[in-house]
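S.K.: predicted model and sequence below, questions to follow.
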Amino acid sequence: MRIHNIYADADGISHFRDIEVEWVEQIRSSDRSAVLPVTSLQFRRTEADFALGWHAAPRRQYMINLDAAAEITVGDGETRVIEAGEVVLVEDTAGKGHVSRSVANTLRHSILVHID
């Protein structure tokens, strides 16, 4: 399972990298990762026509798209479409940040899992 990771380098420029979830146990036909500590969870509804200019993340957090895609562009110019069901670990809390926008002009629901 791939997690998109947005991080900032020493110059404050954001980049994407991929993180593969490591499966550490199998219980009743389910592979499971290690337990990860989290501090809080928030549900989010984003308007269908959203377009956010350059912004840094307010905290380290996982963003889990539930039902619509979002397009994210990072500081080095790479753009990815994050589809429903995909996960992003957002860690660019300083520097230029990233740009986010709606893909199909569709209301989007997501879950933010705060880890700091």
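M.R.: Arrived safely, thanks for sending.
S.K.: how far away is the residue positioned nearest the centre of the chain from Leu36?
M.R.: Computing the C-alpha centroid of the chain and ranking residues by C-alpha atoms, centre = their mean puts Val88 first, at 2.3 Å. If you measure Val88 against Leu36 using C-beta to C-beta, to the nearest Å, the figure is 15 Å. To be clear about C-beta, it is placed using only N, CA and C from the backbone, and glycine gets the same treatment.
S.K.: what do you get for Ala84?
M.R.: Counting by C-beta to C-beta - Ala84 and Leu36 are separated by 22 Å.
S.K.: more neighbours, these two?
M.R.: Taking other C-beta atoms under 10 Å, Ala84 and Leu36 do not tie; Ala84 has more neighbours (15 against 9).
S.K.: would you mind giving the secondary structure of that one?
M.R.: Three-state assignment for Ala84 (DSSP: H, G, I helix; E, B strand; the rest coil): coil.
S.K.: that one reaches Ala68, doesn't it?
M.R.: Yes: Ala84 is within contact range of Ala68, at 6.0 Å (criterion: C-beta atoms under 8 Å).
S.K.: without its sequence neighbours, what residue ends up closest to Leu107?
M.R.: Nearest in space to Leu107, with sequence neighbours left out and distances taken as C-beta to C-beta, 6 or more residues apart in numbering, is Ala48 at 4.8 Å.
S.K.: how about the one you found, phi and psi?
M.R.: Here the main-chain torsion angles of Ala48 (degrees, to the nearest 10) amount to phi -60, psi -30.
S.K.: do you know how far it is from Ala10?
M.R.: Ala48 sits 37 Å away from Ala10, going by C-beta to C-beta.
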